[in-house]
Every structure is written in C-alpha cells, then in structure tokens.
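Q: Provided below are the primary sequence and the corresponding predicted coordinates.
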Amino acid sequence: MKWLISIALMGSFYAHGQSKEEVSSMLDQMEKMGTFSPEQVRAAKAKLNNLSDEDLNKIKVKAGSAAQDPKMREEASKIIEQMKNSKDQ
C-alpha cells in the first residue's frame, strides 16, 4: 500500500510539473524521515530514471484517479501529516 501511495504522490508531483530531479529530492526526504529505507529509495530512483515520457503520462493518469478515491486521499493525508510531524521534531 505504501508503494502505491508513493506512486500516486509521484504522479501528483509530475501532474504539477515537477521534474525527475524534484521527485528524486522528495524521495531523499522520505528516506530521511524513515518513510522508506535506503534500498527502497535506490530502487525507486532507478525506476524513476528509466521511465519514458509515455510511462510518466500513464502515472499521471493513475495518480489522477487515485486522487479522486476517498480512501487513497485519507491515506495520503495521513502520510502528509506524518511528514509534517517529523519535520517539527
């Protein structure tokens, strides 16, 4: 579930015009907060760097659908709240 939410978040960032570099930075922050292990971040970055424009567009479409799902929105809100709380500490 965590991976699906992350893909949706990544798609959301792409939908708002964020670059691969910006998403990579976001993954670094998630690693620092303990959301993902270093191994998971390395794997995600490898996949991110190998995505074609067509694949990125597919992620955008899926992220848009996920963003409309109330359950996914609730889960994403929880993750965002955790991220905010970890920044405050």
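A: Sure, I can see it.
Q: Let me see the contact set for Glu31.
A: By Cβ atoms under 8 Å, 6 or more residues apart in numbering, Glu31 lies in contact with 37-38, 40-41. Any C-beta I mention is one placed from the backbone N, CA and C, and that applies to glycine too.
Q: which ones among these are found in helices?
A: Residues of those located in helices (DSSP state H): 38, 40-41.
Q: How about stretch 26-41, which residues are buried there?
A: 26-27, 30-31, 35-36, 40-41 (16 or more other Cβ atoms under 10 Å).
Q: quick one: the helices in this structure?
A: Going by DSSP H, the chain shows helices at 2-15, 20-32, 38-50, 53-68, 70-88.
Q: Check those for me and report the most buried one.
A: helix 2-15 (a mean of 18; mean count of other Cβ atoms under 10 Å).
Q: could you give the mean pLDDT of that helix?
A: Here helix 2-15 scores 58 as its mean pLDDT.
Q: just stretch 30-42 next, same as before
A: The pLDDT scores in stretch 30-42 average 88.
Q: next one: stretch 62-72
A: 76.
Q: For that stretch, list the C-alpha coordinates in PDB.
A: As requested, the backbone C-alpha atoms of stretch 62-72 are provided in PDB (Å, rounded to 0.1, in the frame of the first residue of the first chain):
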ATOM      1  CA  LYS A  62      -3.300   6.700 -12.400                       C
ATOM      2  CA  ALA A  63      -2.400   9.400  -9.900                       C
ATOM      3  CA  GLY A  64      -5.400  11.500 -11.000                       C
ATOM      4  CA  SER A  65      -7.700   8.500 -10.500                       C
ATOM      5  CA  ALA A  66      -6.200   7.800  -7.100                       C
ATOM      6  CA  ALA A  67      -6.500  11.400  -6.100                       C
ATOM      7  CA  GLN A  68     -10.300  11.100  -6.500                       C
ATOM      8  CA  ASP A  69     -10.500   7.900  -4.400                       C
ATOM      9  CA  PRO A  70     -11.600   9.000  -0.800                       C
ATOM     10  CA  LYS A  71      -9.700   6.100   0.700                       C
ATOM     11  CA  MET A  72      -6.500   7.000  -1.100                       C
END
